[in-house]
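A.B. asks: predicted model, plus sequence, below.
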Amino acid sequence: GESVGLHLPTLSVQEGDNSIINCAYSNSASDYFIWYKQESGKGPQFIIDIRSNMDKRQGQRVTVLLNKTVKHLSLQIAATQPGDSAVYFCAENEGANSKLTFGKGITLSVRP
Amino acid sequence: DAGITQSPRHKVTETGTPVTLRCHQTENHRYMYWYRQDPGHGLRLIHYSYGVKDTDKGEVSDGYSVSRSKTEDFLLTLESATSSQTSVYFCAISEPSAGEQYFGPGTRLTVT
């Protein structure tokens, strides 16, 4: 079957290097942001989130940076591993109604 | 997949036939969502539910209906399937106090 990763931009990184995946959002009123990882044939998996009152949040091997001035979100993955190969996409919402707007995603390909 | 199952996982059906997809959760989350995912479009919201018998339309609701008679089940029905409804369908759940949504494994539907 057709992969969700087709037609998406691709980031290729060497195993062990750090990866930076970027996302631009358009709604200046958005106050909550999430990064998801989606492996082939699976549902999106929550990675990390950040609220608009923060500009950085760290998880295990991942860091999310938020720049509200330019409406930009990035996901940094330290020491990228083959298991990190997937489609990554950001999502945003505004207010407490919990309806998310999703970006189209970027394919991360890890070279051994 | 956060206690979320979807059935069937794969289905091939003919144009004009009715189809029902089921989402079942064991997390007791109040909010449930149906999305479709197509190459080049990302995840698009079809319908959502904020509680039993409380449903509303998303951005691509034409041709779809939903029902939620129990907290744990959210059904998506295509009354008369069309080829444009060939897609991968994902169910998601969330809590009112949290912004993140958790996704099921998906149903790949092909309408011939």
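C.D. replies: Great, that's in hand.

A.B. asks: run through the residues that contact the residue nearest in space to the middle of chain B.
C.D. replies: Nearest residue to the geometric centre of chain B (C-alpha atoms, centre = their mean): B:Trp34, 2.9 Å. The contact partners of B:Trp34, by C-beta atoms under 8 Å, 6 or more residues apart in numbering or on different chains, come to B:21, B:23, B:45-48, B:58, B:64, B:66, B:74, B:76, B:89-91. Quick note: C-beta positions are derived from backbone N, CA and C, even for glycine.

A.B. asks: ok, now with 7 Å
C.D. replies: Counting by C-beta atoms under 7 Å, 6 or more residues apart in numbering or on different chains, B:Trp34 touches B:Ile46, B:His47, B:Val66, B:Phe74, B:Leu76, B:Tyr89, B:Cys91.

A.B. asks: for the residues you listed, which one is nearest A:Ser12?
C.D. replies: Closest approach between the contacts of B:Trp34 and A:Ser12, by C-beta to C-beta: B:Tyr89, at 30.2 Å.

A.B. asks: that's a helix at that closest one, yeah?
C.D. replies: No - counting by DSSP: H, G, I helix; E, B strand; the rest coil, B:Tyr89 falls outside a helix, being strand.

A.B. asks: neighbours of the residue of chain A found nearest chain B, how many?
C.D. replies: Using C-beta to the nearest C-beta, A:Gly43 is the residue of chain A that sits closest to chain B, at 3.7 Å. A:Gly43 has 22 neighbours, counted by other C-beta atoms under 10 Å in any protein chain shown.

A.B. asks: returning to what we had before: helix/strand/coil for the residue nearest to the centre of chain B?
C.D. replies: The three-state assignment at B:Trp34 reads strand, by three-state DSSP.

A.B. asks: that older thread, quick check: the residue of chain A closest to chain B vs A:Pro9, distance?
C.D. replies: Distance check for A:Gly43 against A:Pro9: by C-beta to C-beta, to the nearest Å, it reads 22 Å.

A.B. asks: do A:Asn18 as well
C.D. replies: 18 Å.

A.B. asks: sorry, back to before: and the residue of chain A closest to chain B, its phi and psi?
C.D. replies: In terms of degrees, to the nearest 10, the main-chain angles of A:Gly43 are phi -80, psi 160.

A.B. asks: likewise the one 10 residues further on?
C.D. replies: A:Asn53 adopts backbone torsions of phi -90, psi 10, taken as degrees, to the nearest 10.

A.B. asks: once you drop chain neighbours, what's closest to B:Lys70?
C.D. replies: For B:Lys70, ignoring the flanking residues on the chain, the nearest one in space by C-beta to C-beta, 6 or more residues apart in numbering or on different chains is B:Val52 at 6.6 Å.

A.B. asks: for B:Glu14, same thing?
C.D. replies: Nearest non-adjacent residue to B:Glu14, counting by C-beta to C-beta, 6+ apart: B:Thr112, 5.7 Å away.

A.B. asks: what about the one you found, how many residues nearby?
C.D. replies: Using other C-beta under 10 Å, the number of residues around B:Thr112 comes to 10.

A.B. asks: if I pick it, what's in contact with it?
C.D. replies: Contacts of B:Thr112 by C-beta under 7 Å, 6+ apart are B:Val12, B:Glu14, B:Thr15.
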